[in-house]
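Participant: Show me how the following folds:
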Amino acid sequence: MTHHDAILIVGAGPTGLTLANDLARRKVPFKIIDSKPGPSRDSKGLAINISSQYGLRLAGVNPAPGGNGMPVSRLNLYWQGRRFSSINFAHLPIAINSLITQPQAITETELLRALEATGNYVQWNCKLTHIKETNNAVEVRYATAGEQNINEHIVEERYSFLAGCDGKHSVVRAQLNTSFAGVDYPMHFVLGDFRFDPGMAANQVHYYVYEDTFFILVPIAEGTWRVVVKYDGAIPQEPVSVQHIAPIIARHFGANVELGEPLWISRAPFYNRVAGQLNSQRLFIAGDAAHLFSPIGGTGMNTGIQDALNLGWKLAAVYRGISHRSLLDTYAEERLPAIREAAHLSNLSTQLITRQIVDHPVLDKLAATLSNRSFLKQIAPALHSGIAQKIAVPAPYIDDIPAHSRMGQFPRELFYWLDHLQRNHQTPQTIVDSGSPVSFWCFIAARCIAPAGIDAKALQTLRKNLLAYPECRIIYIANEFTQHAGVALSSREHIVALDMPEADVRMQKDVVLVRPDGLVFYESGLDKTANLHTAISSNFHFTTNKATAKETLYEEAI
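Facilitator: Residues are numbered from 1 along each chain as shown. Prediction:
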């Protein structure tokens, strides 16, 4: 049996490819295999939400998927043919304020090309057949086959960790022997991609709900739309065709709208399932292996991408000896509540749009009334974009951390700096550096390094504390009116000078700490960082002994 001091990724869909790209950037050896003969050609999942777009940037996926996709700025909900409500992403206070829609096959191809640019390749036609977890490794057996399943042979190998991104029939989930509880809805949907002109806004998604059915129009390219139609009952045996969609469209738009032949068409069930556990000591599951959602709201693929972004930096930190093995337990501690919340929202949306629930407070909140303006302008776009995601700090640390630092969320400040740097081509490597992995970022407001009134002692103490941690990166957010205070910077400190007087206004706190997956985990004033080490310890489980290594690490950084 061949031993690989590496990580095995099983499954080369969006989740597995995101994880592979993240590990590649962090210089962690891995192998990625898939039972398919090659990349998927199915359209399937469409939407790359805003949090996934930023997360893929942070993972160093270059170019990021969706560059040629369709930006979607608004979701419209119609009841009995009349518009009932609308969610407008333009209200979000960040520069990326639209979803991207494109066929999943294109998203996977873009992730695959980014991975190959790092010198890593998927090994296709590799079917995992056996897993054995020991204290020191994961032993696997998989069958490989050439074209047309000839020359098949069995491979036996050993890996440090295994990430199962192998879909709804996951072999890795079966090995974990965990539940996969949930519901299979008594309905299915027919979905197809067509070139036609419905006379609708081409950068908006349209949900049409009737008493007896619903259908959805999703733009996926100029002049090309995904049409989704709901049917009751199990999936029939008869072949699917355009006739399962055309009558519904004709009923609403009239017979003059011609769908033509589909570019792609399929049937799929509605389901809502979540695994009971996500990991053992060395096995992990993510994506469809860990959860299955109704397609309403485009939740599934994006939740899988977020799984990968959470798991990637943690595997890398443990593999490279930066963090204790206990860090890997926080994958399930953080992701399971988020997955269950996503499952709850997906289930509720499905029951509402399929009229299984006809009276619910959410319907009242979605109504376009004056009292709902705040919800529709702020909360609803944040929820549907993914940037409202929060994670709970593990329970043992709750009492030691201030209330404002107990929950992490995607920070609009980080998004703003990323947007500004990329728009103006100003040293983007200070934020995402493919040459040097980052354990976490500290953003420090311009006012903390202004010559007038600077608390030099507090700043110096903060710098020494932060630089004691391996691969921490400090970013001073300055503006054109701020001059550096004259402190000699280490190689891990950068001033991002922005031509924008409002820099300090956007940084509401002096100090903001951000994890590799883009979640804020601590913020405070410059002179109020007493809980800094506790917050860092709860998120990273570093192996470094700060008491003995702090000065050495600081001097080396300088």
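
Participant: Which strand in the chain has the most residues?
Facilitator: As assigned by DSSP state E, the longest strand anywhere in the chain is strand 180-195.

Participant: on contacts alone, who are the packing partners of that one?
Facilitator: On a contact count with 3 or more Cβ pairs under 8 Å, 6 or more residues apart in numbering; DSSP states H and E, strand 180-195 meets strand 224-232, strand 264-275, helix 329-353. Placement of C-beta: from N, CA and C, glycine included.

Participant: Can you add distance to residue 98, mean neighbour count and mean pLDDT and give the ones you listed back as TSV?
Facilitator: Shown next, in TSV, are those (distance: least, Cβ to Cβ, whole Å; neighbours: other Cβ atoms under 10 Å; pLDDT from 0 to 100):
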stretch	distance to residue 98	mean neighbour count	mean pLDDT
strand 224-232	17	20	92
strand 264-275	23	18	92
helix 329-353	20	18	86
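
Participant: I'd like to know which of the ones you listed is closest to residue 17.
Facilitator: Nearest to residue 17, of all these, is helix 329-353, at 18.2 Å by Cβ to Cβ.

Participant: rewinding a little: I'd like the average pLDDT over the helix or strand that the longest strand of the chain is followed by.
Facilitator: Next along the chain after strand 180-195, taking DSSP states H and E as the criterion, comes strand 204-209. Mean pLDDT, strand 204-209: 90.

Participant: Paired strands for the longest strand of the chain, with orientation please.
Facilitator: strand 224-232 (antiparallel), strand 264-275 (antiparallel) (DSSP bridges).

Participant: Just the angle for that strand relative to helix 329-353, thanks.
Facilitator: Relative orientation of strand 180-195 and helix 329-353, computed by axes from the mean of the first three to the mean of the last three Cα atoms, to 10 degrees: 60 degrees.

Participant: now strand 180-195, how far from the chain's geometric center?
Facilitator: 22 Å (Cα atoms, centre = their mean, to the nearest Å).

Participant: Quick check: buried residues in it?
Facilitator: Of the residues in strand 180-195, 180, 182, 185, 187, 188, 189, 190, 191, 192, 193, 194 count as buried by neighbour count, 16 or more other Cβ atoms under 10 Å.

Participant: okay if I get the helices and strands packed on strand 180-195 as JSON lines plus distance to residue 494?
Facilitator: JSON lines is the format used below for the helices and strands packed on strand 180-195 (distance: least, Cβ to Cβ, whole Å):
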{"stretch": "strand 224-232", "distance to residue 494": "42"}
{"stretch": "strand 264-275", "distance to residue 494": "40"}
{"stretch": "helix 329-353", "distance to residue 494": "28"}
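
Participant: For residue 254, which of these is the nearest?
Facilitator: strand 224-232 (15.3 Å).

Participant: need the contact list for residue 281.
Facilitator: By Cβ atoms under 8 Å, 6 or more residues apart in numbering, the residues touching residue 281 are 133, 135.

Participant: Could you check how far it is from residue 135?
Facilitator: 7 Å (Cβ to Cβ, to the nearest Å).

Participant: Pull up the overlap in contacts between the two.
Facilitator: With Cβ under 8 Å, 6+ apart as the test, residue 281 and residue 135 reach no residue in common.

Participant: Tell me how many other residues surround the closest residue in space to residue 300 that isn't next to it in sequence.
Facilitator: Closest residue to residue 300 apart from its sequence neighbours, by Cβ to Cβ, 6 or more residues apart in numbering: residue 293 at 4.5 Å. Neighbours of residue 293 under the rule other Cβ atoms under 10 Å: 28.

Participant: Can you report phi and psi for residue 293?
Facilitator: phi -120, psi 150 (degrees, to the nearest 10).

Participant: How about residue 310?
Facilitator: Dihedral angles (degrees, to the nearest 10) for residue 310: phi -70, psi -40.

Participant: From what I see, it and residue 517 are in contact.
Facilitator: Yes - counting by Cβ atoms under 8 Å, residue 310 touches residue 517, with 5.6 Å between them.

Participant: now residue 20, what's its secondary structure?
Facilitator: For residue 20, the assignment made with DSSP: H, G, I helix; E, B strand; the rest coil gives helix.

Participant: That one and residue 316, how far apart?
Facilitator: 12 Å.

Participant: and if you look at residue 106?
Facilitator: 28 Å.

Participant: These two: who's more crowded?
Facilitator: More crowded of residue 106 and residue 316, by other Cβ under 10 Å: residue 316, with 22 against 17.

Participant: That'll do, ta.
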